[in-house]
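> no FASTA, just this:
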């Protein structure tokens, strides 16, 4: 029965997460999407534990938590794979065209710069970089974030993915 409680909490997470994302966009909240996922995970996990304690005679926390954790991590992994993916934006741009195709020059000259300008805008809005004349410079917060990301890449053994050069 504890596994069912974990599954119910995971289903609640899967319903609450997109609802929070929609509300945040509709109301213009500046909360990062990943923060909203964390809030949804904490709230639904807490509700699942409370439900388990009151409904299941011998509630086994770790049984419920294992199901919940697996489902939430699968959701977060899928969310991360499609959130602001440049490759998927290119694919969606191709699918939206009448012939479902475009010359590579059109993609490289029109779509890709717009995608990267959006990314730069996110970095500026997040206080990680600042425009200086015709360049961008990392702020103190950006340098700290880059150091943390570099540490995480080394900790996870992430190297050159052939898309970006991660050598430090």
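Thanks, I have it. Given the structure is predicted, the values throughout are model-derived calculations rather than measurements. Residues are numbered from 1 along each chain as shown.
> residue 53: how many residues sit nearby?
By other CB atoms under 10 Å, 11 other residues sit near residue 53. C-beta: built from backbone N, CA, C; applies to glycine.
> please name the nearest non-neighbouring residue to it.
Counting by CB to CB, 6 or more residues apart in numbering, residue 53 lies nearest to residue 59, which is 5.5 Å off, once chain neighbours are set aside.
> what pLDDT does that neighbour get?
Residue 59 carries a pLDDT score of 94 in this model.
> how about it, secondary structure?
Here residue 59 takes the coil state, with states given by DSSP: H, G, I helix; E, B strand; the rest coil.
> ok, it to residue 134 distance?
Taking CB to CB, to the nearest Å as the measure, residue 59 falls 61 Å from residue 134.
> try residue 102
Here residue 102 is placed at a distance of 29 Å from residue 134 (CB to CB).
> then residue 86?
Counting by CB to CB, the separation of residue 86 from residue 134 is 23 Å.
> show me which of those two is the more surrounded one.
Shown here are residue 86 and residue 134; by other CB under 10 Å, residue 86 has more neighbours (14 against 5).
> just give the nearest non-adjacent residue to the more buried one, would you?
Leaving aside its chain neighbours, residue 86 sits nearest to residue 115 (5.3 Å; criterion: CB to CB, 6+ apart).
> which outside residues touch the helix or strand harbouring that neighbour?
Using DSSP states H and E, residue 115 sits in helix 112-125. With contacts defined as CB atoms under 8 Å, 6 or more residues apart in numbering, helix 112-125 is touched by 84, 86, 89-90, 129-131, 136, 142.
> quick check: pLDDT value at the residue nearest to residue 86.
Reading off the model, residue 115 has pLDDT 84.
> what's near enough to touch residue 98?
By CB under 8 Å, 6+ apart, the contact list for residue 98 is empty.
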